[in-house]
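# attaching a predicted model along with its sequence, questions to come.
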Amino acid sequence: MGNKNSTITTTGHSSSVSTKNKYKKSLPSPLPATSGPAAITTNSTAVLPHSVRRILQNFLLIWLDANIDESKKDFKNSLKHLRHIVASITTFTDSQECVNFLSEIKKEKVFMIVSGSLGQYIVPEIHTLPQLDSIYVFCGNQLLHEEWAKTISKVKGVYTDIEPICKAIQIDRERCDQAMISISFRGIDPLFMYTQLFKEVLLEIDDDDTKSIKELVDYCRLQNDIAEDEIKKIEQEYHHHSPIWWYTTPYFIYSMLNRVYYNIGEYSKALSFYEQALDISKDTLPPNHPDLAACYNNIGLVYYNIGEYSKVLSLYEQALEIRQKSLSPNHPDLAASYNNIGNVYNNLGEYSKALSSHERALDLRQKTLRPNHPDMAASYNNIGNVYYNIGEYSKALSSHEQALDLRQKTHRPNHPDLADSYSNIGNVYYNMGEYSKALSSHERALEIKKKALPSNHPDLATCYNNIGQVYKYMGEYLTALSYVKRAFDIRRKNLPPNHPSLAASYNSIGSVYCTMREYSKALSSHEQALDIATKVLPPNHPDLATSKKNEKFSNPSSIKLNLTLKKLIDSK
């Protein structure tokens, strides 16, 4: 029923949406505080007020320690190590100042280094904040602090030296950059201006346009979020490399631009940018370079989100072909490619190919990832979706429950991935005729997504649509109609006019009208669904199959009009 929630990946990481939550608890009294400045942003340039700082990366690093002394050699050495990895480091000596700053973060993920003495009090109070991604305890007594730290999943480790912390943050930084793959529908925000600036400077300037480079460098220094070494690198060496080299090199530009495009939801602009990057890449890189695969994959993601699945398949297959030639046989990016291709086949109705692709992805992930890695859950989730579509509901339920179990172990209680699992389990129960269980699962999914997403996000539409379908089969038709229309309103405002999800909404509305015996309205809705479906789905797609039974017509997985409906209208 409705849309199943699939997980799309580019480099083996599923995406997520941060919830917005303010920290309101008062801290326990044992927390020490020091006099003097409580927060220091380590940079060689002036510090902007926190309220107006522009965050140009996907994450922030904060460091809380009552004994921080920036004049000490050890502290300076630690910063030197960290600044090779992170552009912006904000340090605190006062716990409450740190919490206040942390609670104001809206979109970025936060990595936190905390002393053992403060961590044992503050971490249990703040670890559930959704913006807080990872915690690293830096102390002098590892055994003492491992006792309390081991009970909190976000604590990545207890360390007595800065170098292993740097290695751990490096891994998490790469994960954070790679995970920015979901496109939300929040409209254009101020970050779009950054995109225009970098696009003009990096991809469109003339070779002698040193003025533009100077403007870019000055702007970067003003933002106070970019390492000075990286700024100097651009300033001194820009003309030594091609624009695409600067885009794909592991500096701040790549991660910042990805973050901008995936958050603004401007598909046409994202597509234009990625196609331009692909053209430049083809001119400057060898034919089997992994960066070309990334370009194909990024373009495919845009087409996937606008429902043009035939184009997506071609792009994902090109990315896979390059990765097969350039990467080791068990590389995680291969699993990501198989995963994405499987999702496309699933949407095209080629379920045997979809299942084969997802099983290959799962096999690779089982060989290379830890058992509770989030991508393992993504594979089980997507395999469950295929079993659902071929009517093997017991297998679908088993796969989705495996995904949910893994996600409950690794995610916070209100993580959107949990909502996806509940939605998918609800869909299975719905088709098994267990409507009370289905309704409970879908309502739980909606509750989570309401906390995590904007009020007009298409994922909320999926929840509303699913709940409406359950109410329809429970005989509460007016309630059902209210929910499916709410889903339609969200989709109409946020999706292209021929998106498959709009066809699903028209079909859902039509099926409710049909059960209410309002046949003319039902026919109109189903004709609109069919019109969209014939434009975007292949001729042999199961959703276009002619229904063979009256009751089948009301099932939201079927779009093709049944001639029985016209006969019913004629007989009225």
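Received the coordinates, thanks.
# how's this protein carved up into domains?
Per the record, the chain has its domains at 1-16+285-453, 39-178, 188-264, 457-572, by automatic domain parsing.
# nearest to residue 276, of these?
Closest to residue 276 of these, according to C-beta to C-beta: domain 188-264, at 6.2 Å. In short, each C-beta sits where N, CA and C put it, glycine included.
# which stretches in this protein count as strands?
Along the chain, counting by DSSP state E, strands occupy 39-41, 59-64, 89-92, 109-115, 132-138, 155-159.
# in its sheet, which strands sit next to the fifth one, and in what direction?
Here strand 132-138 has these sheet partners by DSSP bridges: strand 109-115 (parallel), strand 155-159 (parallel).
# let's have the ones you listed in JSON lines, adding mean neighbour count.
JSON lines is the format used below for these (neighbours: other C-beta atoms under 10 Å):
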{"stretch": "strand 109-115", "mean neighbour count": "24"}
{"stretch": "strand 155-159", "mean neighbour count": "20"}
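# deepest-packed of the domains of the chain, please.
Most buried of the domains of the chain, by mean neighbour count (mean count of other C-beta atoms under 10 Å): domain 1-16+285-453, with a mean of 21.
# any idea of the mean pLDDT in that domain?
Mean pLDDT, computed over domain 1-16+285-453, is 88.
# using CSV, write down the CA coordinates of stretch 505-518.
Extracted in CSV, the C-alpha atoms of stretch 505-518 (Å, rounded to 0.1, in the frame of the first residue of the first chain):
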residue,chain,number,x,y,z
SER,A,505,-2.5,9.4,-4.3
TYR,A,506,-5.1,9.7,-7.1
ASN,A,507,-5.5,5.9,-6.9
SER,A,508,-5.9,6.0,-3.1
ILE,A,509,-8.6,8.7,-3.3
GLY,A,510,-10.4,6.8,-6.1
SER,A,511,-10.4,3.6,-4.1
VAL,A,512,-12.0,5.3,-1.1
TYR,A,513,-14.6,6.9,-3.3
CYS,A,514,-15.3,3.5,-4.8
THR,A,515,-16.0,2.0,-1.4
MET,A,516,-18.3,4.9,-0.6
ARG,A,517,-20.2,4.2,-3.9
GLU,A,518,-19.3,7.6,-5.3
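# who wins for proximity to residue 274 among the strands paired with strand 132-138?
Residue 274 lies closest, by C-beta to C-beta, to one member of the strands paired with strand 132-138: strand 109-115, at 23.4 Å.
# show residues contacting that closest one.
Contacts to strand 109-115, defined as C-beta atoms under 8 Å, 6 or more residues apart in numbering, come from residues 18, 58-67, 86, 102, 122-123, 131-139, 165, 169, 172-173, 176.
# before we move on, back to that, indicate which one of the domains of the chain is closest to residue 271.
Closest to residue 271 of those is domain 1-16+285-453 (C-beta to C-beta; 4.7 Å).
# do a quick rundown of the helices in the stretch 351-500 of the chain.
All helices of the stretch 351-500 of the chain, identified by DSSP state H, counting those that start in this stretch, fall at 351-368, 374-389, 393-410, 416-431, 435-452, 458-473, 477-494, 500-515.
# now those helices in JSON lines, with distance to residue 320?
Formatted as JSON lines, these follow (distance: least, C-beta to C-beta, whole Å):
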{"stretch": "helix 351-368", "distance to residue 320": "10"}
{"stretch": "helix 374-389", "distance to residue 320": "16"}
{"stretch": "helix 393-410", "distance to residue 320": "23"}
{"stretch": "helix 416-431", "distance to residue 320": "24"}
{"stretch": "helix 435-452", "distance to residue 320": "31"}
{"stretch": "helix 458-473", "distance to residue 320": "27"}
{"stretch": "helix 477-494", "distance to residue 320": "30"}
{"stretch": "helix 500-515", "distance to residue 320": "23"}
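# quick one: closest of those to residue 532.
Of the helices of the stretch 351-500 of the chain, nearest to residue 532 by C-beta to C-beta is helix 500-515, at 3.9 Å.
# other SSEs contacting the closest one?
Using 3 or more C-beta pairs under 8 Å, 6 or more residues apart in numbering; DSSP states H and E, the elements in contact with helix 500-515 are helix 458-473, helix 477-494, helix 519-536.
# how much space between residue 100 and residue 129?
12 Å (C-beta to C-beta, to the nearest Å).
# same check on residue 518?
Using C-beta to C-beta, residue 518 is found at 48 Å from residue 129.
# could you do residue 292 as well?
With C-beta to C-beta as the criterion, residue 292 and residue 129 are 39 Å apart.
# quick one: the helices in the stretch 101-250 of the chain, in order.
Using DSSP H, counting those that start in this stretch, the helices found in the stretch 101-250 of the chain span residues 116-126, 142-149, 162-178, 191-204, 210-223, 228-237, 243-248.
# I'd like to know which of those has the weakest mean confidence.
Among the helices of the stretch 101-250 of the chain, helix 191-204 carries the lowest mean pLDDT, a mean of 47.
# tell me the contacts of residue 337?
For residue 337, the contact set (C-beta under 8 Å, 6+ apart) comprises 293, 297, 316, 319-320, 323.
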